[in-house]
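Chemist: just the structure for this:
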Amino acid sequence: MKKFLIYATLSTFLLSPFQVLAEPASSSPASAPPAVTAPSAILIDAKSGKVLFERNADEKRFPASTTKIMTGLLAVEHGKLEEVVTIGTNPPLVERGSSQIYLIPDEQLTFEQLLYALMLESANDAAVAIAEHVSGSVEAFADLMNKRARELKAYNTNFVNPNGLHKDNHYTTARDLALIAQHAMTLPKFREVVKTVKYTIPATNKQDTRDYITNSNKLIWKTYDKYRYEHATGIKTGYTVKSKHCLVGGALKGDMELISVVLGAEGQYMYTDTMALFEYGFANYKNVSMLKKDQIVTTVTLKDAEEKINLTAAEDFHILLKNTEEEKVVTKISTRDNIVKPVKKGEALGSISFFLNDQELKKVALLSSMELSLPPAKKASNWWLWLIPAFLLYRTVVTISKLRKRRLKKRSCIIRR
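Modeler: So this is what the prediction gives:
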């Protein structure tokens, strides 16, 4: 049975623990929705996956080269960067005029070089080479892509190739792409690659140096700043006639990281849409520290004792909240009834729960900050153990006394005679 001890708003609870970790990006029209023109879009918090804005996010659409986010993700998870890849016969046979680095059969490159060509130059032939190297064939790699999509809860996605060249049954959604990108950005090598502006592939056994490898994502460009976004971290552009312009973007400001997806945009509106999403997120949301690990949350008194124990938080807890939501969060603290000794240090004796609009955000265990042992037991009196030796001593004394009396009596009788 649990006893509720506290029910309070965050503005009054413990005062000090709730430290704002990130300030809003600006004080501009705070609550106004972002001016997005694309028919399908979403903005999420990269850490928690919380959706900050969405429009037709579950509508199935053609992803074009944003497909390569999954290809790059699997390349990092399954490939060895230093491994030398010998190009097969398929990579040159990609759609004529599409993005490629014109790989030649039997040409040798490292797996890492193919990864940069894939994510920066959006090379469709590099995508095929990676697929064949990892899974043996494009078809087997597509199966791997779909399996990984399901693992990442991207349930409305179906991939049939590693590059995104149009197929009617090759589709995804803005929400699914956000989930895939969210995981991809947890991989250090993937993050490094998608934020790289230019890359050079040294001369191979078949071709001269390729010094033109340039990231197609203008959000991260340094010299051309029309669409540059200072907080951008990547991630991938895409375009086909049927998909129109697509962009999966990443941005990091302070400790807040966002991921955006724009699908079906007209022309360069994919950039302005993406920047509008980021500005909306940074302006309207902030990370709030609710609890620090080992922070004292409350104190309990032991049953039938005057001793008290401080209860501390078992873990950190911080959450991304809308600026208007922080004051609406309430907390409940509950502790175990009738706490008695012994109590171990670190033993869970209660919990603190955080709620927003009656929905539980998090429950954190509260642990004993100290150890309390039972008092040492009083030694039982063993006086009765002395009865036996005392009795034996008494009997011995009595017996000796009797023997002496007999001897004296006997001696007295002899003398009289």
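Chemist: going forward, measure contacts between C-alpha atoms and count neighbours the same way
Modeler: Fine.
Chemist: model confidence at the residue nearest the centre of the chain, what's the number?
Modeler: Nearest to the mean C-alpha position of the chain, by CA atoms, centre = their mean, lies Lys47 at 6.1 Å. Note for Lys47: predicted pLDDT of 95.
Chemist: tell me how far it lies from Ile319.
Modeler: Lys47 sits 9 Å away from Ile319, going by CA to CA, to the nearest Å.
Chemist: pretty sure the residue nearest to the centre of the chain sits in a strand.
Modeler: No. Assessed by DSSP: H, G, I helix; E, B strand; the rest coil, Lys47 does not belong to a strand; its assignment is coil.
Chemist: which ones are touching the residue lying closest to Ser353 once chain neighbours are set aside?
Modeler: Closest residue to Ser353 apart from its sequence neighbours, by CA to CA, 6 or more residues apart in numbering: Lys363 at 4.3 Å. By CA atoms under 8 Å, 6 or more residues apart in numbering, the contact list for Lys363 reads 351-354.
Chemist: phi, psi of Lys363?
Modeler: Dihedral angles of Lys363 (phi, psi; degrees, to the nearest 10) stand at phi -120, psi 130.
Chemist: now the strands for the stretch 101-250 of the chain?
Modeler: Secondary structure of the stretch 101-250 of the chain by DSSP state E, counting those that start in this stretch: the strands cover 108-110, 198-201, 210-214, 232-240, 244-253.
Chemist: may I have the strands that pair with the fourth one, each with its orientation?
Modeler: I take that to be strand 232-240. strand 244-253 (antiparallel) (DSSP bridges).
Chemist: centre of the chain to the partner strand, how far?
Modeler: 21 Å (CA atoms, centre = their mean, to the nearest Å).
Chemist: need the next SSE after that strand, C-terminal direction.
Modeler: strand 256-265 (DSSP states H and E).
Chemist: can you list the domain ranges for the protein.
Modeler: 2-17+292-368, 40-284 (automatic domain parsing).
Chemist: how long is the longest one end to end?
Modeler: Going back to what we said before, that points to domain 40-284. Domain 40-284: ends 21 Å apart by CA to CA.
Chemist: who touches the residue nearest to Ala64 when sequence neighbours are not counted in this structure?
Modeler: Distance criterion CA to CA, 6+ apart; nearest residue to Ala64, sequence neighbours excluded, is Gly164 at 4.4 Å. Shown in contact with Gly164 (CA under 8 Å, 6+ apart): 63-68, 170.
Chemist: and if we set it to 10 Å?
Modeler: 62-68, 71, 124, 127, 170-171, 238-240, 243 (CA atoms under 10 Å, 6 or more residues apart in numbering).
Chemist: hang on, isn't Thr157 packed against Asp143?
Modeler: No. Look at Thr157 against Asp143 with CA atoms under 10 Å: they stay out of range, at 11.8 Å.
Chemist: which residues are common contacts for those two?
Modeler: With CA under 10 Å, 6+ apart as the test, Thr157 and Asp143 both reach Ala149.
Chemist: looking at the two, which is more packed in?
Modeler: Using other CA atoms under 10 Å, the more surrounded residue of Thr157 and Asp143 is Thr157, with 23 against 16.
Chemist: ok, the more buried one to Val340 distance?
Modeler: For Thr157, the distance to Val340 equals 55 Å [CA to CA].
Chemist: one more: Asp58?
Modeler: Distance from Asp58 to Val340, by CA to CA: 54 Å.
Chemist: what's the farthest-apart pair in the contacts of Lys363?
Modeler: Ser351 and Phe354 (10.2 Å; CA to CA).
Chemist: what do those two both touch?
Modeler: Going by CA under 10 Å, 6+ apart, residues that sit against Ser351 and also against Phe354 are 332-333, 363-364.
Chemist: give me phi/psi at the residue nearest to Thr172 when sequence neighbours are not counted?
Modeler: Spatially, and ignoring its direct neighbours in sequence, Thr172 is nearest to Thr157 (4.1 Å; CA to CA, 6+ apart). With angles defined as degrees, to the nearest 10, Thr157 sits at phi -120, psi 140.
Chemist: list the contacts for Thr157?
Modeler: Neighbours of Thr157 in contact, by CA under 10 Å, 6+ apart: 60-63, 145-146, 149-150, 169-177.
Chemist: now swap in Ala181 and tell me
Modeler: Taking CA under 10 Å, 6+ apart as the test, what Ala181 contacts is 46, 66, 69-70, 73, 152, 175, 190, 235-236, 248-250, 259-261.
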